[in-house]
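**Student:** the amino acid sequence is not available; the structure is as follows:
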């Protein structure tokens with residue numbers, strides 16, 4: 001997410017013809033370009049997708065991806081990677097039933 005934010009800010013500076021040496025704040029650049037922040041857009045699309053998947057009745061890969069469990073066995077070294085479902089569950093436990101009820 002951080003790399004996407006940095007790339008977006010670089011593109012906005014290029015659109016305005018502004019250099020890093022000009023030392024303009026990101027808020028000022030964002031107000032001039034009127035571009036939505038990439039992190040907000042990604043999170044909005046992720047929640048739309050998360051609301052769409054539980055309502056589907058067919059058995060395509062979307063539900064399988066969301067309900068995927070890692071293989072049993074020895075876990076990899078270090079911190080475990082966060083899956084989409086883990087992030088959704090940390091925000092709201094019963095998000096799946098709420099999505100089905102709309």
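**Tutor:** Great, that's in hand. The shown structure was predicted, so the numbers you read here are calculated from the model rather than taken from an experiment. Numbers count the residues shown, from 1 in each chain.
**Student:** from now on I want contacts and neighbour counts done on CA atoms only, so please keep to that.
**Tutor:** OK.
**Student:** and the helices in the protein?
**Tutor:** 2-16, 26-33, 38-52, 61-66, 84-91, 95-101 (DSSP state H).
**Student:** nearest to residue 76, of these?
**Tutor:** helix 84-91 (17.4 Å; CA to CA).
**Student:** name the surrounding residues that touch that closest one.
**Tutor:** 66-67, 95 (CA atoms under 8 Å, 6 or more residues apart in numbering).
**Student:** so, low pLDDT: which residues of this structure?
**Tutor:** 70, 102 (pLDDT under 70).
**Student:** can you count the residues close to residue 6?
**Tutor:** 12 (other CA atoms under 10 Å).
**Student:** now do residue 100
**Tutor:** When neighbours are counted by other CA under 10 Å, residue 100 registers 13.
**Student:** spatially, which residue comes closest to it, not counting chain neighbours?
**Tutor:** In this structure, residue 100 finds its nearest non-sequential neighbour in residue 55, 5.2 Å apart by CA to CA, 6 or more residues apart in numbering.
**Student:** so how far is stretch 45-60 from its chain's centroid?
**Tutor:** Counting by CA atoms, centre = their mean, to the nearest Å, stretch 45-60 is centred 15 Å from the centre of its parent chain.
**Student:** just stretch 89-99 next, same as before
**Tutor:** Using CA atoms, centre = their mean, the offset of stretch 89-99 from its chain centre is 16 Å.
**Student:** now that stretch: buried residues?
**Tutor:** 95-96, 99 (16 or more other CA atoms under 10 Å).
**Student:** with distance to residue 41 added, can I get the contacts of helix 84-91 in CSV?
**Tutor:** Shown next, in CSV, are the contacts of helix 84-91 (distance: CA to CA, whole Å):
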residue, distance to residue 41
66, 20
67, 24
95, 20
